[in-house]
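**Q** sharing a sequence plus its predicted fold:
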Amino acid sequence: MEAECTAGGAEELNSETSAPKARAGSLHKHSHELAEALEVEQEGLVEHQPLEQDDLNFERWKPKPKPKRTLHEKIGDLKTYLWNPETKEFMGRSGKSWSLILFFYSALYIFLAAMFAGCMCCLMWSISPYAPTYNDRVMPPGMTMTPHVHDVHGFEIIFNASDRSSWKKYARALEAQLKPYDDAVQERRNIACMQDAYFMQDDLEESAERKSCQFKRSWLGPCSGMPEKDFGYSAGKPCILLKMNRILGYLPGQGTPVNVDCGVKKGTPEALGDVEFYPKNIFNLMYYPYYGKLRHVNYTSPLVAVRFPNLQLDTHLHVQCKLNGKGIINDSPTDRFLGSVSFTLEVGA
């Protein structure tokens with residue numbers, strides 16, 4: 001009986017002891033929550049406080065100027081950039097980094113060079129150095145003249161027969177044009193050919209050198225510059241040289257020689273007078289076809305010399321020389337040198 005009372009008393013004592021502890025814990029928790037709420041409220045009050053005068057001074061927010069660096073400091077920074085002894089870096093990169101960069105770009109450019117070389121090899125393998133691989137359309141030939149002095153509207157030959165300085169440039173141009181046509185040079189380099197027939201040499205190997213037919217300077221008569229070094233300009237009887245443009249493999253005239261005629265384009269025909277041609281007014285077939293400069297090494301284009309012996313002095317003439325023959329176009333509205341050449345001619349006393 002006493003034991004039960006003793007146990008009951010112990011239980012009452014434990015319950016009375018634990019009650020104050022529970023109340024103390026709840027009070028501590030409640031005070032902690034109040035402290036947190038008070039702190040949050042104070043932070044909100046701080047955030048909503050009005051700006052002070054110092055906060056409105058925007059000068060304080062501007063970036064401060066960097067202090068000026070001396071030349072010695074700049075040189076020191078440059079030396080450090082070029083070689084940093086602490087990190088063992090050259091221009092900001094380590095040896096491994098530079099090695100990888102050099103390897104990458106070396107491999108890249110070697111690949112590009114190899115690809116370019118391969119493309120060029122394929123291109124050169126597919127084409128011939130002697131003739132065009134694709135040549136489905138050959139334009140009719142154009143014509144050029146010597147001497148020529150470029151003018152805004154074309155060529156012009158204007159001089160006074162008594163004034164050597166006015167026609168000396170024309171005679172000099174003709175002499176330079178006829179230098180390869182000297183008789184001795186032609187006899188040494190080229191052969192005498194059968195006239196009025198194409199000189200075909202297609203049966204030779206593609207790379208074999210082709211023979212060229214002679215065209216001697218002496219064949220041009222008074223326009224050769226041999227009897228008269230001034231080519232008739234001092235006498236008011238000028239000469240010009242006409243040449244047909246070279247076209248690889250072209251056979252002009254389709255078996256008939258292409259001929260040349262000259263006349264007045266603007267003005268009276270009587271003012272031009274008679275026109276003389278040397279050696280003839282044709283381009284002989286024996287000089288065709290042309291096989292290109294790699295095979296036709298000593299080829300000299302045939303010439304037609306035109307002489308005007310009876311010009312009316314002090315008359316401004318527009319002269320036109322044309323090619324005539326099968327397959328020749330001499331009236332193109334877009335190309336004035338296609339099959340013809342025009343120039344102004346005026347001779348003073």
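**A** Looks like it came in fine.
**Q** need the strands for the stretch 151-300 of the chain, in chain order.
**A** Assigned by DSSP state E, counting those that start in this stretch, the strands in the stretch 151-300 of the chain fall at 154-160, 239-244, 258-266, 276-278, 282-283.
**Q** comparing those strands, which yields the minimum mean pLDDT?
**A** Mean pLDDT is lowest for strand 154-160 out of the strands of the stretch 151-300 of the chain, coming in at a mean of 87.
**Q** buried residues in that one?
**A** Neighbour counts over strand 154-160 (16 or more other C-beta atoms under 10 Å) mark 155-157, 159-160 as buried. Quick note: C-beta positions are derived from backbone N, CA and C, even for glycine.
**Q** quick one: strands adjacent to it?
**A** Applying DSSP bridges to the sheet, strand 154-160 is found paired with strand 150-151 (antiparallel), strand 340-348 (parallel).
**Q** among those, which comes closest to residue 235?
**A** Distance to residue 235, taken as C-beta to C-beta, is lowest for strand 340-348 among the strands paired with strand 154-160, at 9.9 Å.
**Q** continuing past the worst-scoring helix or strand of the chain on mean pLDDT, what's the next helix or strand?
**A** Least confident helix or strand of the chain, by mean pLDDT, DSSP states H and E, is helix 2-47 with a mean of 51. The helix or strand immediately downstream of helix 2-47 is helix 71-82, counting by DSSP states H and E.
**Q** next helix or strand past that next one?
**A** Going down the chain from helix 71-82, the next helix or strand is strand 83-84, by DSSP H and E.
**Q** got the contact list for the closest residue to residue 187 other than its chain neighbours?
**A** Sequence neighbours aside, residue 214 is the residue nearest to residue 187 in space, at 6.8 Å (criterion: C-beta to C-beta, 6 or more residues apart in numbering). Applying C-beta atoms under 8 Å, 6 or more residues apart in numbering, we find residue 214 in contact with 186-187, 190-193.
**Q** among the residues you listed, name the buried ones.
**A** 186, 190, 193.
**Q** so the last one touches residue 286, yeah?
**A** Yes. Counting by C-beta atoms under 8 Å, residue 193 touches residue 286, with 4.3 Å between them.
**Q** what touches both of these two?
**A** Joint contacts of residue 193 and residue 286 (C-beta under 8 Å, 6+ apart) are 199, 213.
**Q** which residue, other than its chain neighbours, is closest to residue 177?
**A** Nearest non-adjacent residue to residue 177 (C-beta to C-beta, 6+ apart): residue 146, at 4.6 Å.
**Q** bridged to the one you found, which residues?
**A** Here residue 146, judged by DSSP bridges, has bridge partners residue 241.
**Q** burial count for it?
**A** 18 (other C-beta atoms under 10 Å).
**Q** now swap in residue 275 and tell me
**A** Residues near residue 275, counting by other C-beta under 10 Å, number 17.
**Q** so it versus residue 311, what's the distance?
**A** 10 Å (C-beta to C-beta, to the nearest Å).
**Q** what touches both of these two?
**A** What both residue 275 and residue 311 touch, as defined by C-beta under 8 Å, 6+ apart, is an empty set.
**Q** give me the secondary structure label for residue 332.
**A** Under DSSP: H, G, I helix; E, B strand; the rest coil, residue 332 falls in the coil class.
**Q** just give the closest residue to it, not the sequence neighbours.
**A** residue 338 (4.3 Å).
**Q** wouldn't residue 94 be in contact with residue 100 here?
**A** No. Assessed by C-beta under 8 Å, residue 94 is found out of contact with residue 100, at 9.8 Å.
**Q** gap between the residue lying closest to residue 229 once chain neighbours are set aside and residue 178?
**A** Once flanking residues are discounted, residue 229 sits nearest to residue 171: 7.1 Å by C-beta to C-beta, 6+ apart. Relative to residue 178, residue 171 is positioned 11 Å away (C-beta to C-beta).
**Q** residue 272 too?
**A** 24 Å.
**Q** do residue 160 as well
**A** Per C-beta to C-beta, residue 160 is found 24 Å from residue 178.
**Q** again, but for residue 223
**A** Residue 223 is 9 Å from residue 178, by C-beta to C-beta.
**Q** what does residue 80 give?
**A** 74 Å.
**Q** so those two - more neighbours on which side?
**A** Between residue 80 and residue 178, residue 178 has the larger neighbour count (other C-beta under 10 Å), namely 20 against 14.
**Q** looking at the strands of the stretch 151-300 of the chain, which is buried most?
**A** Of all the strands of the stretch 151-300 of the chain, strand 239-244 carries the top mean neighbour count, a mean of 23, counting by mean count of other C-beta atoms under 10 Å.
**Q** now do that strand against strand 258-266, angle only.
**A** On the basis of axes from the mean of the first three to the mean of the last three C-alpha atoms, to 10 degrees, strand 239-244 is oriented at 130 degrees to strand 258-266.
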